[in-house]
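> the amino acid sequence is not available; the structure is as follows:
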């Protein structure tokens, strides 16, 4: 479905960048999960821009939970989070209603919605919508955490600069989750920030690669063929605006390896089956093998740049030049990391519920 | 669902490597599409191993269409293709029923199916099942071709050797579709084959990157957020055994670019909107923009290698060493290319039917 | 999915009777449909109780559209309607949190949600939630009306009293849609009201049968087998609280007929195929035949009655007696009729979009 | 989806009446379920016509299981049953390719498939397809039986003649499952058979009402609103050709009751919650309450009758008269009962897997 994803635990999102509100409906999460509004706020703040490397538009992201929570715990019925849009300056955008901003969905939205789309600020295609995903995902992450499952994402690469590998799982997950700019090596973090600022000075932007680790996820989860873990996670991840690549484990790097290097050997350790390496990212044949899940996402550079760009007026069908003003991030990948975590949390809750039943994530379930 | 994918046009697959038959049900394809059994056979032959670089197990892939075709044309109701398994030597595998072959799904299937799985030759997790996908995909590809939509995949990279870019679309598509070993540059093709043979001599295997182009696909197709074209295609592609990475357009390469380079400028050409570059792979905001679709898949090296590997007996929970005999390809990516094409064809038929209705692919529809 | 229904045009509902708000997300409706807030209010007022035959709890049903509408028209992206809960007296219910009200979902909700459910006023299982369906359905009905498709429901029977058949379609549809108490024969309407009041005096309640007609719906819509029109409509209709039976055309009455009477003869009339009778309710083999759709729903008597009832405390596991006070309708079927119309409108929009594409319901589409 | 139903445990059907084969893919059933081919045959024989009250076309229904079963037990991966069509006389039908048989889907199939449909014997719309449902359902029923869940259907009414109520559950279920003509009262059975023969003598047909009971199904299963047990079961049941009405518990009869009669009182019995009556059919708010499930289906009279009927040639658009010859049952409801049981078994397996996880129906699972 268009704006709904998931089988047993599903997410529905709604809203436009400059409409009254955005929001999300998280349906099917187990009952009894404690809803920590402080944690939701903290997660939202990771997505929110801040400082020199982000847009000056500061959204407050005051959210309201209007259903599905009673006495501070999930009821099992749909949880709805509504986030009113504030600090909206539509006049920033109105002149561009017929101009295709390169890299954005203006033109394709027009083809699909025939001019009825709310084009202001990208409308429904705005990254703004992902705030709702983050709010819902925070609740899902809380449910997972009570079962010992944690998720964290670091900035693996940006502008040719690479962080060290995420490897010491779950410690690295805990580390990145405490960071606002999620780079494991603090010197590299500064170099990346500098690269972002450099691009900003040129009226330009940069992209990056996010790497995510999941600790404590049970083995034997996932379906053969079409609903393998890679398939379902990739489906969700590619829905995040700006993500143009997804790989599991060594991913594209496997193509330069031989089988003897790419295969993860199995061994018995402390009475359980583990692998020597984790090139597969914890997934064999679409099913989890009990090792940490590891995957990476390619996030393209922010499409909104100040440099003049050649483009078209798709109504008058004339060539034109675009010079953006307003507030635009020189990078978004550092903000996208919490969207990746959030959507991953929801997808994993869904998979667990499908595999082990709808009560599985109840905190006190034996 | 587990073995069914698609909304308006869906594919269901079934079968195990050493069971009586494998097959596929393609449901929802428009009525009136000519079913060319010769083309189905030709597509199956591209998946079939051949020569030094492939396993000596030659499957005949004699298929039977048992429903959904009448007078040589699709009826609109489910098309079922059954491919009996022949040339099966189960004794090759029976000794390994408790041994986790590294890179394979033996262990994870055991966790999920508790020992009831048909482990012979990988059972339902065998690449063998993809023959059914190819047979069904050939019919879908025929439907698309009648609308001027063509799909082709070349081997972009293998063992550090790169083919030239797929760029002259649709001509390159036609070229690769005529090749058995789908490399655009014939000298590079020889170098790649040599690399595969070298690995084979070492009892090892190699992986590769496949790049796919789609020509003639309409603009304005795809859904916002969860059912964007990237999401749905990636979902399907990751279901193909051995695929561990998917990217659209420049994909992971976008992370090393600035926005001014990553953004595709728009321009008017011959009265229609086109882009200068195609870094987005023909998709903005999940919706097609009328440019060729371009995406790449990372195919890991064949997991079955002759080199001894450390692994475990997951029933006795003891470490052991695995020495495979039997028939195993030193590479599978060159065979996987037609699986990618086939699944892509089915997914695109589904998207067109969802967008424009279930009659859209009828050949004589105006 | 649990609280989402539909493929191309889907509805997601949320909320509890005594929570902050209820609401609905209608996703996939074509762009460009005029949203008439006055009509939404009018439809909501049909669901709202009024007068002697309804509960004294008058909900204002002030709704807010927070997404998916721009400049008074649908954008094509998710339409979200939020209806805050007002006039809530939770103290009416709190004493019953462990007491299974006969006919209600208190006990079964407890089994499913393990005590975490919001039990107040039935929580998510309250008929209250259907107000959100009505608001969303009003927008869908507007889209259909622009294509000449109208839907109307009358009270076919109540307490052994029968209205005349709905037969003069679309005139009867227009007639019932103008009525607050939807009985075609005004004398019978008074008799039914009397029966409801009689039950109320006894502290009891009555049920009824609703019959719905749809005019102007195209032929050739619906899928074979699992997604036939009967299947999909029944799926939706049975989700309405209190509906315990659904039949199409002559339905259960067909069982007393012979084939020669049950079969609708075909004939050519004004150059198109029509049927002599309409025992099939406009559907053959799950596909519409161009005749009006006709179906009936059995609505059970209001479960909340004032008469003492034997029941249990499902926590202490003891027998007890229930004596309800508070505000309860002696009948709900007359209010349910607009819920039936609304859900039908949404389902039909979905079927049309699946069959003819997502633009089909755009008002100015040729 | 068109020919696929179910979430965790799904059924895909395929085939046409006069094509090479019909069949079904049952995906997601738990591993380890014993597959009893004798029981499958026995179930198929209940669907097969026999004697005076059925068509003289005797189909052998020799089935082959081509996937998903290994060593006599389900593997957990898709189970495919193929039933070749034999004893096909296409010449019986070819003259009618443009003639709409009243009550059949010939005309609506033509509208949907534009003349490409395989019209022979009703093609994909033939009741013949339900043989595949029965074969798959037999396996599902075996899985349920190992958990103490049994399903049975009797002929509640036919031609104004009523069987006694199904009430002594599970004993009545066992009784009807041993009968070929499923009427609890043997004298009434004879009267019904006579009524069928009387209709046959007149070249006519009769319909009937089937009532189904399910014993031993767990409480707390089903989803709120859209995936309540009534919704999902009705969706499946209405897909069976000829079913035009479905009701749960007292169903349409509830409309003549007052609330005090319609409500099932709760009480504690042997330490568990039971109800005094079972007017709700074991379902409150879409969720099972632990009482037997009870529902009824209206089956219309066989559409194929020998009496001349007025109809049209929908290609030449002329009125005509239809005189059927060939083999046609004067009633089908007695054969449909096993289709109802089979589809019910599959739906219940799906619901259990969704609620309690995919291993729930493994026989030896604790």
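Everything's here; your move. Computed from a predicted structure; not experimentally measured.
> what is the burial count for the residue lying closest to residue A:243 once chain neighbours are set aside?
Excluding the flanking residues, the one nearest residue A:243 by CB to CB, 6 or more residues apart in numbering or on different chains is residue A:297, at 5.0 Å. Bear in mind the C-beta positions are built from the backbone N, C-alpha and C, glycine included. By the criterion of other CB atoms under 10 Å in any protein chain shown, residue A:297 has 29 neighbours.
> list the contacts of residue A:297.
Residue A:297 is in contact with A:209-210, A:212, A:237, A:240, A:243, A:245-246, A:336, A:340, counting by CB atoms under 8 Å, 6 or more residues apart in numbering or on different chains.
> quick one: which of the residues you listed sit in helices?
A:237, A:336, A:340 (DSSP state H).
> by neighbours, which of the residues you listed wins?
Neighbour-wise, those (other CB under 10 Å) top out at residue A:340, 29 neighbours.
> distance check, that residue against residue A:44.
Distance of residue A:340 to residue A:44, given as CB to CB, to the nearest Å: 15 Å.
> for residue A:28, same thing?
Taken as CB to CB, the span from residue A:28 to residue A:44 is 22 Å.
> ok, the two, which is more surrounded?
residue A:28 (28 against 22).
> what is the neighbour count of the closest residue to that one other than its chain neighbours?
Distances taken as CB to CB, 6+ apart place residue A:9 nearest to residue A:28, at 4.0 Å, with adjacent residues excluded. Residues near residue A:9, counting by other CB under 10 Å, number 27.
> surely residue A:9 is in contact with residue A:357?
No: Residue A:9 lies out of contact with residue A:357 (CB atoms under 8 Å); the separation is 11.6 Å.
> give me the element the residue in the stretch 51-200 of chain A that chain D sits nearest to is part of.
With CB to the nearest CB, the shortest gap between the stretch 51-200 of chain A and chain D falls at residue A:77, namely 6.0 Å. Using DSSP states H and E, residue A:77 falls within no helix or strand.
> can you measure across stretch A:200-210, start residue to end residue?
Using CA to CA, to the nearest Å, the end-to-end distance of stretch A:200-210 comes to 20 Å.
> can you check stretch A:207-227 too?
Taking CA to CA, the first and last residues of stretch A:207-227 lie 30 Å apart.
> can you pull out the strands in the stretch 51-200 of chain A?
In the stretch 51-200 of chain A, the strands defined using DSSP state E, counting those that start in this stretch lie at A:64-67, A:69-70, A:73-74, A:79-84, A:150-158, A:161-162.
> okay if I get these as JSON lines plus mean neighbour count and mean pLDDT?
Listed next are those as JSON lines, based on neighbours: other CB atoms under 10 Å in any protein chain shown; pLDDT from 0 to 100:
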{"stretch": "strand A:64-67", "mean neighbour count": "23", "mean pLDDT": "98"}
{"stretch": "strand A:69-70", "mean neighbour count": "23", "mean pLDDT": "98"}
{"stretch": "strand A:73-74", "mean neighbour count": "22", "mean pLDDT": "98"}
{"stretch": "strand A:79-84", "mean neighbour count": "26", "mean pLDDT": "98"}
{"stretch": "strand A:150-158", "mean neighbour count": "26", "mean pLDDT": "98"}
{"stretch": "strand A:161-162", "mean neighbour count": "16", "mean pLDDT": "97"}
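> could I get those strands as CSV with distance to chain B?
Formatted as CSV, these follow (distance: least, CB to the nearest CB, whole Å):
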stretch, distance to chain B
strand A:64-67, 21
strand A:69-70, 24
strand A:73-74, 22
strand A:79-84, 16
strand A:150-158, 6
strand A:161-162, 10
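> count the residues that sit near residue A:125.
Counted with other CB under 10 Å, residues neighbouring residue A:125 total 27.
> which ones are touching it?
Counting by CB under 8 Å, 6+ apart, residue A:125 touches A:104-105, A:109, A:241, B:224, B:285.
> phi and psi next, for residue A:228.
Dihedral angles of residue A:228 (phi, psi; degrees, to the nearest 10) stand at phi -60, psi 160.
> tell me if stretch A:212-220 is near chain B.
Yes: contact of stretch A:212-220 with chain B (CB under 8 Å from any CB of the partner chain) involves A:219-220.
> how far does stretch A:294-310 sit from its chain's centre?
Distance of stretch A:294-310 from its chain centroid, counting by CA atoms, centre = their mean, to the nearest Å, is 15 Å.
> for the record, mean pLDDT for that stretch?
The pLDDT scores in stretch A:294-310 average 97.
> helix or strand for residue A:26, which one?
Element membership for residue A:26 (DSSP H and E) is strand A:21-27.
> for residue D:1, see how far away residue A:149 is.
In terms of CB to CB, residue A:149 sits 32 Å off from residue D:1.
> what's the burial count for residue A:33?
For residue A:33, the tally of surrounding residues (other CB under 10 Å) stands at 26.
> please apply the same query to residue A:78.
The tally of other residues near residue A:78 (other CB under 10 Å) stands at 30.
> that one touches residue C:21, doesn't it?
No: in this structure, residue A:78 is not within contact of residue C:21 by CB under 8 Å, at 11.7 Å.
> which one is residue A:126 nearest to, not counting chain neighbours?
In space, residue A:126 is closest to residue A:17, 3.6 Å off (CB to CB, 6+ apart).
> contacts only, for the one you found.
For residue A:17, the residues meeting the contact criterion (CB under 8 Å, 6+ apart) are A:85, A:88, A:118, A:120-124, A:126, A:128-129.
> so what's the residue of the stretch 151-300 of chain A found nearest chain D up against?
Relative to chain D, the nearest point of the stretch 151-300 of chain A is residue A:224 (6.1 Å; CB to the nearest CB). Residues counted as contacts of residue A:224 (CB under 8 Å, 6+ apart) are A:285-287, B:2-3, B:109, B:124-125, D:77.
> rerun that using 6 Å as the cut-off
A:286, B:124 (CB atoms under 6 Å, 6 or more residues apart in numbering or on different chains).
> run a quick neighbour tally on the single nearest residue of chain A relative to chain D.
Nearest residue of chain A to chain D: residue A:357, at 3.9 Å (CB to the nearest CB). For residue A:357, the neighbour count with other CB under 10 Å is 23.
> coming back round to it: let me know the closest of the contacts of residue A:297 to chain B.
Within the contacts of residue A:297, distances to chain B taken as CB to the nearest CB reach their minimum at residue A:245, with 3.4 Å.
> compute the number of surrounding residues for residue A:165.
13.
> quick one: it and residue A:213, what's the gap?
Counting by CB to CB - residue A:165 and residue A:213 are separated by 10 Å.
> and if you look at residue A:288?
For residue A:288, the distance to residue A:213 - CB to CB - is 13 Å.
> again with residue A:166
5 Å.
> low-confidence ranges, chain A, go.
A:50-60, A:87-96, A:365-366 (pLDDT under 70).
> can you list the residues of it near chain C?
Contact residues, chain A versus chain C (CB under 6 Å from any CB of the partner chain): A:1-4, A:10, A:12, A:14-16, A:19-21, A:25, A:27-28, A:31-32, A:66-67, A:70, A:73, A:75-78, A:80, A:113-114, A:116-118, A:124.
> what segments of chain A are helices?
For chain A, applying DSSP H gives helices covering A:37-47, A:106-113, A:130-145, A:171-177, A:186-201, A:229-237, A:259-262, A:333-356.
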